[in-house]
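*Asks:* this is the structure alone, sequence omitted:
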């Protein structure tokens, strides 16, 4: 049997399993935000006071598509790729890094919008930001560990 | 380990996400208020009631939330009246054609951001239909919005001087300011107060704002201040809210067209409102277009 690039190879299953779990939490958060947007519900914040301001602002949707819908796509993609990476698919890991980098860039932009344009923060958006940053940290840690072991010329042990 | 296992996990999560999302959406829609609202009687053009903006006064009566089906009797300017009333002048705030065949009734909250988002949409819809559409606004200040009752009373107090809709527009157009304390107290305020934009304004500040709006609308300020906290005005706002609660409304904005609930998201879009109004003009009941699986199930009346 010929081993292709997408065949399972040794990876860091625990790191990527954790990433997949975080992505599922983000998926649930995004579904909640999307449904409340579509049903016109006024989301109530628990810890902050600006959910309504943020979620009904011009920045909360792209055209008529709520931003939460893009979050669903992003988190589902991250979950799928992290799951595949956890099972050792090397190419999935590359795509996961690209997706998470895009999500991180979007998150930083949205944090800027909340802090400096809207002057209001939304709990559910902050949760999403935290999850994306955690995903980014996990991906970055995985990348640097892999690089370190590659330089050392040895196979990275499974975490 | 089976190579198909990760795909099975991904597929399972995908199905759970879609199924769970749809169930959540459906559940939220089932929480929508009563499917019908008491029909507001058609009003013939009456002296004293403007064709474009008006308030129908029914002295001595206050509406109750009891859903009394009122026959659409032309020429009857009163709404559902009950014998047990407080001596509060009841007014129905109407904009558009007073004798229009289609009535759009909004239950709104001035501090609710989706209401603020609907406001410009509704303005365009009003312009599109002109005298063929009658828009009624009812107060539904939600408990979680601390300044909403004050704003509702401000609109009512302005209404006593014939400027309800002007104050209504002013409050919605400026809601990002007065609800968050951004520049709410005018150019003379100390910068430290003007910069308090990340916190909700204090009630006192919001009062300053509505007083300023009343000045801009050239209202009698002394009378406005007196009316703002008066019992009849409080009762007027409360009667609207009680009516909404009676209909099972738990969110704003809630829209009825000719007494039929227009569920979100149709009620929040120009297309959805046009479809509902066009259907009403054609004498049909509006049917929401989304997939059958998302169709709402009428909630048992309370």
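*Replies:* Sure, I can see it. Please read all numbers here as calculations on a predicted model, not as lab measurements. Residues are numbered from 1 along each chain as shown, chains lettered A, B, ... in the order given.
*Asks:* can you give me the buried ones in stretch B:165-178?
*Replies:* Residues of stretch B:165-178 classed as buried by neighbour count (16 or more other C-beta atoms under 10 Å in any protein chain shown): B:165-172, B:174-176, B:178. For every residue, glycine as well, the C-beta is placed using N, CA and C.
*Asks:* and stretch A:125-134, by the same measure?
*Replies:* In stretch A:125-134, counting by 16+ other C-beta under 10 Å, buried: A:125-129, A:131-134.
*Asks:* and if you look at stretch B:137-156?
*Replies:* By neighbour count with 16+ other C-beta under 10 Å, stretch B:137-156 contains the buried residues B:137-142, B:145-156.
*Asks:* just stretch B:229-246 next, same as before
*Replies:* Residues of stretch B:229-246 classed as buried: B:230, B:233-246 (neighbour count, 16+ other C-beta under 10 Å).
*Asks:* state the mean pLDDT of it.
*Replies:* For stretch B:229-246, the mean pLDDT works out to 90.
*Asks:* next, residue A:119: phi, psi?
*Replies:* Backbone torsions of residue A:119, given as degrees, to the nearest 10, read phi 50, psi 40.
*Asks:* helix or strand with the lowest mean pLDDT in chain A?
*Replies:* Across the helices and strands of chain A, mean confidence by mean pLDDT, DSSP states H and E is lowest for helix A:51-55: a mean of 72.
*Asks:* in the stretch 201-302 of chain B, what residue comes closest to chain A?
*Replies:* The minimum distance from the stretch 201-302 of chain B to chain A, using C-beta to the nearest C-beta, falls at residue B:264 (3.4 Å).
*Asks:* quick revisit: among the buried residues of stretch B:165-178, which two are most distant?
*Replies:* Spatial extent of the buried residues of stretch B:165-178 (C-beta to C-beta) is set by the pair B:165 and B:176 at 20.1 Å.
*Asks:* pretty sure residue A:133 sits in a helix.
*Replies:* Yes. Counting by DSSP: H, G, I helix; E, B strand; the rest coil, residue A:133 is found in a helix.
*Asks:* how much space between it and residue B:166?
*Replies:* Going from residue A:133 to residue B:166 by C-beta to C-beta, to the nearest Å gives 47 Å.
*Asks:* which residue packs closest to the spatially most central residue of chain A, ignoring adjacent ones?
*Replies:* Compute the mean C-alpha point of chain A, and by C-alpha atoms, centre = their mean the closest residue is residue A:132, 4.0 Å away. In this structure, residue A:132 finds its nearest non-sequential neighbour in residue A:107, 4.4 Å apart by C-beta to C-beta, 6 or more residues apart in numbering or on different chains.
*Asks:* and the one you found, helix, strand or coil?
*Replies:* Residue A:107 ends up helix, using three-state DSSP.
*Asks:* that one and residue A:133 touch, don't they?
*Replies:* Yes. With contact defined as C-beta atoms under 8 Å, residue A:107 counts as touching residue A:133 (6.9 Å).
*Asks:* go back to the buried residues of stretch B:137-156 and keep what's next to chain A.
*Replies:* Near chain A, judged by C-beta under 8 Å from any C-beta of the partner chain, the entries from the buried residues of stretch B:137-156 are residue B:142.
*Asks:* show me the buried residues of stretch B:137-156 that map onto helices.
*Replies:* Within the buried residues of stretch B:137-156, membership in helices is found for B:148-156, as judged by DSSP state H.
*Asks:* now those in JSON lines, with pLDDT?
*Replies:* Formatted as JSON lines, these follow (pLDDT from 0 to 100):
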{"residue": "B:148", "pLDDT": "88"}
{"residue": "B:149", "pLDDT": "90"}
{"residue": "B:150", "pLDDT": "91"}
{"residue": "B:151", "pLDDT": "93"}
{"residue": "B:152", "pLDDT": "94"}
{"residue": "B:153", "pLDDT": "94"}
{"residue": "B:154", "pLDDT": "94"}
{"residue": "B:155", "pLDDT": "94"}
{"residue": "B:156", "pLDDT": "94"}
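*Asks:* for chain A, state which of these is nearest.
*Replies:* The closest of those, once distances to chain A are taken by C-beta to the nearest C-beta, is residue B:148, at 10.7 Å.
*Asks:* with adjacent residues omitted, what lies nearest to that closest one?
*Replies:* Using C-beta to C-beta, 6+ apart, the closest residue to residue B:148 is residue B:141 (3.5 Å).
*Asks:* could you check how far that neighbour is from chain A?
*Replies:* Using C-beta to the nearest C-beta, to the nearest Å, residue B:141 is found at 12 Å from chain A.
*Asks:* touching, that residue and residue B:109? I think so.
*Replies:* Yes. Taking C-beta under 8 Å as the definition, residue B:141 is a contact partner of residue B:109 at 5.1 Å.
*Asks:* hey, what's in contact with both of these two?
*Replies:* B:148, B:152 (C-beta atoms under 8 Å, 6 or more residues apart in numbering or on different chains).
*Asks:* mean confidence score for the strand or helix carrying residue B:134?
*Replies:* Using DSSP states H and E, residue B:134 sits within strand B:133-139. When pLDDT is averaged along strand B:133-139, the result is 92.
*Asks:* what about stretch B:19-29 and chain A, touching?
*Replies:* Yes. Contact between stretch B:19-29 and chain A, assessed by C-beta under 8 Å from any C-beta, occurs at B:20-21, B:24-25, B:28-29.
*Asks:* which residue does the stretch 51-200 of chain B bring closest to chain A?
*Replies:* Closest point on the stretch 51-200 of chain B to chain A, by C-beta to the nearest C-beta, is residue B:113, at 3.4 Å.
*Asks:* how near is residue B:15 to chain A?
*Replies:* Taken as C-beta to the nearest C-beta, the span from residue B:15 to chain A is 12 Å.
*Asks:* checking that residue next. Helix, strand or coil?
*Replies:* helix.
*Asks:* show me the shaky parts of the stretch 201-302 of chain B.
*Replies:* B:201-204, B:265, B:285-302 (pLDDT under 70).
*Asks:* quick one: the strands in it?
*Replies:* Along the stretch 201-302 of chain B, counting by DSSP state E, counting those that start in this stretch, strands occupy B:254-257, B:260-262.
*Asks:* possible to save the ones you listed as CSV with mean neighbour count and distance to residue B:125?
*Replies:* Shown next, in CSV, are the strands of the stretch 201-302 of chain B (neighbours: other C-beta atoms under 10 Å in any protein chain shown; distance: least, C-beta to C-beta, whole Å):
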stretch, mean neighbour count, distance to residue B:125
strand B:254-257, 26, 10
strand B:260-262, 23, 12
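*Asks:* just so I know, which of the ones you listed lies nearest residue B:15?
*Replies:* strand B:260-262 (31.3 Å).
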